[in-house]
Every structure is written in structure tokens, then in C-alpha cells.
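J.: Sequence and predicted model, in that order:
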Amino acid sequence: MTALAAVAIGVVSLQWVVLLVIAAVAIAGALVVVLHRSPVVGAMGLVTNLLCVAGIYVLLNAYFFAALQVIIYAGAVVVLITFVIMLLNLRPEARGGPGLVPIGLAVLLGLALIVVLGRPLLEFSAPTAEAVAPEFGSVRQVGEALFTEYFYPFLAVSLALLSAMVGAVLLAKRHLED
Amino acid sequence: MLTYLWLIPLAPLAGFVLVGGLGMAGKLREPWVQRLAVLASAASFVLAVFVIADFAGGVDDYRALAEAQPSKYEVSAPGEPARFEVTPLRWMPVGDITLRGWDGDGVRQVAFSVDWTFAIDTLTAIMLLVVSGIGTLIHLYSIGYMAGEERQFRFFAYLNLFMAMMLTLVLAGNLAVLFVGWEGVGLCSYLLIGYYYRQVFDKESGLTCADAGRKAFLTNRIGDFGFLLGMLLLLLTFGTWDFSELATAINGSSAFWYGSLLLTGIGVLLFFGATGKSAQVPLYVWLPDAMAGPTPVSALIHAATMVTAGVYMLARMSALYWHSPGAMFVVAVIGCLTALLAATMGMAQYDIKKVLAYSTVSQLGFMMLGAGVGAFVAAIFHLVTHAFFKACLFLGSGSVIARCGHTNDMRLYGGLRRWMPVTYWTFLVSTLAIAGLFPLSGFMSKDEILARSLFSFRGSPVLWAFGTLAAGMTSFYMFRAVYMTFHGENRSPEHVREQLRESPTVMTSVLIILALGAASIGLLGVPAGVSRLFGVGDINWFEKVLHPVVAARGVVAAPAEGHGGEHVASAGETHHAGDAGVAEHAAETPVPPGGYLVEGAQHPSWSAEAGLFVLAFAVFFTGLGLARWAYAGPQPRAEALAPRLRFVRRLLHRKWFVDELYDRLVIRPYYALSDFFSAVDQRIVDGAVNMTAATTELSGQVLKLFGTGVVRHYALWFLAGAVLLVWMMMR
Amino acid sequence: MVGDPGPYLLLATILFVIGAFGVISRRGAITILMSIELMLNSANLALVAVSRFLPAAGQGAGIPDGQVIGFLVLAIAAAEVAVGLAIVIAMFRLRESVDVDLARLLRW
């Protein structure tokens, strides 16, 4: 049974309602980020969006990942961004965008992407109809995969983080010394 | 001593390196430049004398050595003419080459390598003495001639390099080494002709000495192209460039080779190279212009040694030419034509060096004529005598030029014998020699060539008649030069006349030595016919020494005739040996009756010899008399005659318009062709390249519009690409 | 019961497009960074959604790989934000502005 059919028949379960509501809020938050002229308001929109996505993770039984999303993204990253906004004491962006042509092109391209991907995605049915496995989304499962199968990518990412840290410090600091 | 053969060319080479290197570095002052150069040249002469003394004692002492080290030394077999080869260095070990079986032995592989082989036999020994001896004398003379010149080291270094290359050429044991020398002397000739490279030497055409050098070099290049083709054809046929091996291969199957079209082709190609180097028709045009070089250079390179390389090469390849009557005929005809044509041109020149240059061309023609009728010995003998008297004449003219304000124009000379007696007498002796007065050297050699061109069965009365005519002209133009230069009133400008005096001793002593040589050297080779006239036996030492090397070998006259073919020439009776045409069927009949490879001469009767002898005198005195009539005396008749002979004079003075003819026939079409290819290159080839560049630039100009520097635009294109990719995947 | 990944993937696509639009249309460097976070986040959503519906090794559906990769993306995103913000600070020091249209030196 495809999602389209489900909507059409009107079989609207509670889960569907929750999903649609969360999705609508997430999209609204995203739109605030890209449309509002004030970066601070944009940051708040971003938090909204991230929290909503975390909610969707819960719907997908990925509890641990939802927790990570809230802690790292909604917590650390957005706080960092907000902190920088405050630090630089940014004003709302000046009016006068990039002109109609690039924006129109961007809108067209975005719509094209949604149209091109939309049908195949909605018609994409799960390869198995079985219920979710009990251990899915648990810390144990993710941790096991991370430290066995994905050990080397994990190491590589840790190195990337380290170098990013050093780079950030250097970039932010260099001109202070001058 | 013989094993040090290869040191002979190395001595002047070392001189070249030292004089040139130290000279360029500015570490060598003038007297030392001269001393070092003369020393290097003299060293090679002394070395050559020692080597030849050892060689004259026979090569048998070295037989054991040759057996012990067969790859390094080689000695001719006991019955053969003495020959010693030394190979101090391998050069190019080529490996196996495939022969097409043109020599009748089928397709096969033979090992081939090019080595630095130096060889000596009597022919080389004579050439060695001439080259190193006269070369050293001219080095000495140059000390006086070049006195006061700037940067002399250049001159002396080139001169030493020339000696090294010329000695390499005559010592070469194979064609490759000979070719090294051949090209090396060409290079030195070019460098030395253009020695005064900024000076204009021909006021009519405004050519500089550098242009003259270039002309010599390019003309020689044309000949060398033919020479190289001949060499390669030889290699493809015989699989070797070694002279003795080639001779053995050809002589070993005379019947097969006699009259072969392939050998004729090779012979003509090699001779084409010789026409360039030895200034024969049609490539002689460079030699008169080569007079732009300093006079000692003209004497050494363009009279005594280098230009005779072609004659030497013919003698060296005599086995090949003996087997190709066609090629020999070409050589004889070209030689005769050159002798005659150059003599006519020489009669109308006012530049003393040009007179001598055309005389050289003409004498080289005589040598070629001799080689072409099979008188190789006489040709080489004429080479030797010519080296003496022509070197003496050139050096004499150099002595005159240096004293007469460096002008070559004989109209500005006159009466010089008053101031320069030594120069005059040596010049006169050499003139008598070249004009062929008995018993001076020129008579001996030229008379022998003319006699052989008449009596040799490869000769013909026509060749003889034209040769004799040319000899008469020789007498005329040489005495014309003598009268215009040394007799009559002096026509020099006042300031020059005041300073007229004899040249320094270092120059005149060389002149004296050369004049003595020119007078006496002929006694070494008195023709058999002449000695018979005087009731003396055969005293031709030259013939005795040299003949075995250049004699026709292979299948010779049948024993029933009583003579081996190689002895026919010196035997004193009439001998008919004209059955040359039977070679075609040689395969079926290995030794036809009478033999078919006989260099034979129909030996003339006593009266015929006497007639020729008298004729030689008549020719000599006719030339002398005409020259005296026209140019001697206070009021030369030539001036009075000039209007009536204007056309002829113009024709001869402009050298039959040969330069103009070549200009129209060869040079202009060549330029036109070059212009055409230049246009093709610039329009089409360069056009294609430029179009590529223009296209690239245009596309760059268009594409740079996308590089706005605004990150957002890049992101936009990036997104567009991503969407396109997704669309392609989802399609 | 929403038994298919389709709606989640569609949502991810929409969020991605919004983020991309933000990157293209906005001039403030901070806003652009936030838009990039939106895009990365949508990618994570797609990963987790698909892995939830793939058959597990044992019983039931759901494999951990999507979450693990998502975790790595998370870490990279954090690194990117750190460096990006450092660049923004450096740029601000230089130009007293975070307008990316002012940084157009990379031009012919």
C-alpha cells in the first residue's frame, strides 16, 4: 500500500496526523531560516526545524539518534551560531537581494528537484513489511556498528574534527595577533 | 713505428685544441700561437716521415703482430702491394645487416661495424708527405703573411684542424673515416674562406667573404649528397666500407662486376661527390669564390690539398672504376670539359687569385682526365707536382698582394720584378712548370696524362685534342699573369709604389723551397715514353712505387700474351687489349681469351712519342708567344684588341655566365619553391595552430562570463548540475 | 501506521530544497551557514528513514548503518560550522560585514 493510496482512502492514523503536523512545523521553521532578514530569528527557526526533525526520528524509532540531534544540533551548533551572531552584533540583512533572475532560477530548480524526485520517492515501498526490530535505535546497536564496522570512518571523522578545531582557532585568531 | 700511424692526424688535432682553446681564453700570445701551430704541423710531418721510412722497409716485420691481434692490426698478404692497417678504436658496432644479394651471393646477413681504421700504402704515403710537408711549409709562410693581424689564433687553429682532417682523409682505411675527413676539410674550408667574414670580396655583387664560404659549403653539400648515396649503395651491395675488403670483393669476381650497371651507378655517384670537392663541372663554381680566404689558405686548401681529395678518392677506389668503363668515361669527359672550360675562364680574369683559381680547376680537370682514362698514377703524380707549383704560385701571389696594398687586381701591378726578385723568380719557375716546359715537373705529369688519354684504350683522340688545347691555354693565361704582374710599367698608386719591397725571409724561403720542388719533383716520374726518347731505360720511380696499388686486378690478360695486365702499361711494345665488351656473358665463360680487364695502353712508336714531345714544346711556346704578344711591352696590344673582342672577353670574364645560369636554373626555382613552402607553412600550418589558440581563447572569453566571483552564482550552477544528474538517474 | 519511507524522503527533499534556496538567495554568511545545516540535516533524515525500513540481519526491520552514517555527518556538520564561523569572524574583522557578495575577489 503506497502512501498516496493511504491518503486517498482516508485511512488517517494518529501517526499520520503527528507526522504531518511535525513536518509542517519543520518546513515552516526552515522557511523562517531562509526568508527572515534577521539572523537571530533565523536561528530560532533553525532550532524549531531541528527539534521537529528530532521528533521525526522518534517516530522512526531512532531514539538514540533523536537524542543526538537534540544535543548536538539543537544544542551545541545552534548555540554556537547564536553566540557568533551576538558576538558580531549582526544587524538584520540589508534589503536588496541578489536580483530576480538567480532567485527565480533557484526556485525553478528546487521545484524541478521536488517534481523529479517526488513520484519515485512516494512510490518507493519498503522492501519488508515486518515490524521494526526491538533493538533498532538502541545505543548498543549504534555503538556496536560504530566501533566495529565503521571504526575507521569514525577515526577519520575524529581526526577531521580535530583539524577543524585547530583550523577554527587559527582562522579566528590570526588577525588578533597582527 | 707503423703502429703509431694514427698519431699523425692527432698531432695537428692537438694543435687545434691547444691553439684554439688557449687562444680563445686569451692565454696565448701571437708568437706562441704561431709556434704551437707550426710545431703541431711539423710534428705530423716528422711522424709521417718516420712512419713512411718504416713502411718502406716492408711490412713483414708486423705480420706476427697482426696475427696476434687480428682485430687491431692488418697486413696485406705477401704477394699483394704492401699495406698496413691499424684500428685503434671501435666506432660504431652496427651488428648484422641484410644484403640483398646484388653481388650475386644471395640474400644474407653480414656483420658490419664502422671502425677508426687508419691504413697506409704507397698511395697514402705519397699523399701524407705532400699534405704534411706542404702544409707545414704553408704554416711557416703564414707567420709572415698574417703578421700584424688581430686574433690570429683563429686562423692557425683552423689551419691545424684542416691538417688533422686532411690527414684523416688520406689515412682512412674505410669510407666512413674518409668521409669524416672529407666533411672535416669541407668545414675548415668554409671557416677559412669566411675568415675575413665582414669583408666584401666581390665589389660587383657585394658578396662578403662569409657568403663565399657559404657558397663553397652548400655547393659541396650537393656533391656530398651524391657521395653519401654512393657510399650507402656500396654498403648495401658489399656489406663493408673497408677499402681493401671492397677491392678484394670486386677483384675477386671481376667477371661478375665488369661493366655492371650497379658499379657504374656507384662510381658516378662517388664521382659526383668528387666534382663538388675537387671543383669539377658542374659544381666547380665555388672554387673561384673561395679565393676570398687568406692567400695561404688558397694555397693549402684550394690548390694543394683539399681539392685534390676527389682525385685521391678515385685512385683509392680504382678497383671499382676499373670495373666500370662507363663511370670512367664519365670521369674522363667531365675532367676534360673542366680543364678546357676553366682554362678559357682563366684567360679573361684580372684578379690574380682568380686566374690561379681557374688554373687550379683546370689542372684538377687534367687529373680527372688522367683518372678517367686509367692513368691513376699520372693523375696522382700531377696532383703532387701541382701541389708544389700551384702552392708556390699562390704563395707568390700572396707575397705580391701583401706588398701591393692588398689588392688582387693585376691591372694595378706591373714591373714588380724590380722590387721583388725572389718572388718573381720563384713565380716564374712555377709558371714554367705549370705551363709544361721540359724538364720541369708540370711537363712530366701533364704530358703523361695527355699521352695516356691518347694511347690508353680507355682514351680517345678527342679527349687528347681538347686536353692539349687546354694545356696551350694554361701556358697563355699563366704568362699573361706573369707579364701583367712582373713586367712592364708599374701601375700601382703612388703611395703603394713607395713602399714596395721584397717579402720577409720566412715567406721567401718557403717560396724558394716550393720552387725548387716544382722544378725538380718531376724527375721522380719521368714518363716511360720520354725516357725512351733519350735512350734511358725506365726511370719512372713514381710509376714503380704507385702502380701496384692502383693497378687493374682481378682477371687479367691471358698468360699467352706474355704479360700480366698490370704490367702492360710499362711494357715496351704495342699491345692490343680491347676486348672489353665480353663481360656480359662472363658467368658462362670465366676467362675469355685475351682477358677483359686490361688497363692496357697501345704503346706508341718512337716517332709518335717524339711527335708528342715536340708538340708539347710547340703548345708551350704558342701560349707564351701569344701572351707576350698581347701583354708584354710598353704598350700591350690587348688594350687595342679589346674593342674587337669585346663579346668574347665579356663572355669569358663573366665565366660563360655559368653563375647566372645556375642562378636562373637552380637558385631562383629553389627560392620560389622555398617561398611556396614558406607560404604553406605560414598560412596553413601556422594557421591551424593559430586557429586552435583562437578557439581556445574564444571559449575562454565565453566561459569567463560564468566566473563572476559571486559564490551564490557558483552554488546556482552547482545545484543545476545536481538536478540534472538526479534527473538523468531517475529518468 | 506509516509503513513506507516515502513521506520521510519527500520531507527530506523539501527541506533540502529550502536549504539550497537559502544558500543561493541570501547574502548573510551566518544565514547561509544555517541553510547548509538545513541541507545536511535533511540528508540525515533521509539516511535514518531508509535504514529504518531495511530488513535487519535477524528478526524485524531496521539496520543501524543509517544512524551511524548520520552520526558521522553530524560530526562533520559540527566541524563545518566551527570552521565556517571562524571564517565568518575573520571576514567580519576584515570588512566589518558578513555579506558574501563583498567577497568576490576570485574573479577574472
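T.: Yes, it's here.

J.: Is there proximity between the longest helix along chain C and chain A?
T.: When chain C is parsed with DSSP state H, its longest helix is helix C:65-95. Yes. For helix C:65-95, a contact with chain A is found by CB under 8 Å from any CB of the partner chain, at C:65, C:67-72, C:74-83, C:85-90, C:92-94. The C-beta positions use only the backbone N, C-alpha and C, and glycine is treated the same way.

J.: Give me the distance between B:Trp656 and chain A.
T.: 85 Å (CB to the nearest CB, to the nearest Å).

J.: repeat for B:Val377
T.: Taken as CB to the nearest CB, the span from B:Val377 to chain A is 94 Å.

J.: Following the chain onward from the one helix or strand that residue maps to, which element is next?
T.: Taking DSSP states H and E as the definition, B:Val377 sits inside helix B:376-403. Downstream of helix B:376-403, the first helix or strand assigned by DSSP H and E is helix B:421-435.

J.: counting contacts, what elements does that following helix pack onto?
T.: helix B:376-403, helix B:441-455, helix B:461-486, helix B:505-520, helix B:606-631 (3 or more CB pairs under 8 Å, 6 or more residues apart in numbering or on different chains; DSSP states H and E).

J.: Centre of the chain to stretch B:441-458, how far?
T.: Its chain's C-alpha centre and that of stretch B:441-458 lie 20 Å apart, by CA atoms, centre = their mean, to the nearest Å.

J.: before we move on, the earlier item: near chain B at all, the longest helix of chain C?
T.: No. Helix C:65-95 is not in contact with chain B by CB under 8 Å from any CB; minimum separation 11.8 Å.

J.: and chain C, which of the helices and strands packed on helix B:421-435 is closest to it?
T.: In terms of CB to the nearest CB, the element of the helices and strands packed on helix B:421-435 nearest to chain C is helix B:376-403, at 70.6 Å.

J.: Neighbours of the closest residue to B:Gly517 other than its chain neighbours, how many?
T.: Using CB to CB, 6 or more residues apart in numbering or on different chains and skipping residues adjacent in sequence, the residue nearest B:Gly517 is B:Phe388, 4.2 Å away. Residues contacting B:Phe388 under the criterion other CB atoms under 10 Å in any protein chain shown number 29.

J.: how much space is there between B:Phe388 and A:Gly104?
T.: In this view, B:Phe388 and A:Gly104 are 103 Å apart by CB to CB, to the nearest Å.

J.: for B:Leu651, same thing?
T.: In terms of CB to CB, B:Leu651 sits 93 Å off from A:Gly104.

J.: what about these two, which has more around it?
T.: Shown here are B:Leu651 and A:Gly104; by other CB under 10 Å, B:Leu651 has more neighbours (15 against 10).

J.: Run through the stretch 51-200 of chain B and note the low-pLDDT ranges.
T.: Scanning the stretch 51-200 of chain B for pLDDT under 70 picks out nothing.

J.: wait, doesn't A:Gln69 sit right on A:Ala54?
T.: Yes. A:Gln69 is in contact with A:Ala54 according to CB atoms under 8 Å; the separation is 4.1 Å.

J.: more neighbours, the two?
T.: Between A:Gln69 and A:Ala54, counting by other CB under 10 Å, A:Gln69 is the more crowded of the two (26 against 22).

J.: which ones are touching that one?
T.: A:Leu50, A:Val53, A:Ala54, A:Tyr57, C:Asn44, C:Leu74 (CB atoms under 8 Å, 6 or more residues apart in numbering or on different chains).

J.: same deal with A:Tyr63?
T.: A:Tyr57, A:Gly137, A:Ser138.

J.: what does B:Ile250 give?
T.: Residues near B:Ile250 by CB under 8 Å, 6+ apart: B:Phe238, B:Trp257, B:Leu263, B:Ala319, B:Leu320, B:His323, B:Gly554.

J.: Right, I'll call it a day here.
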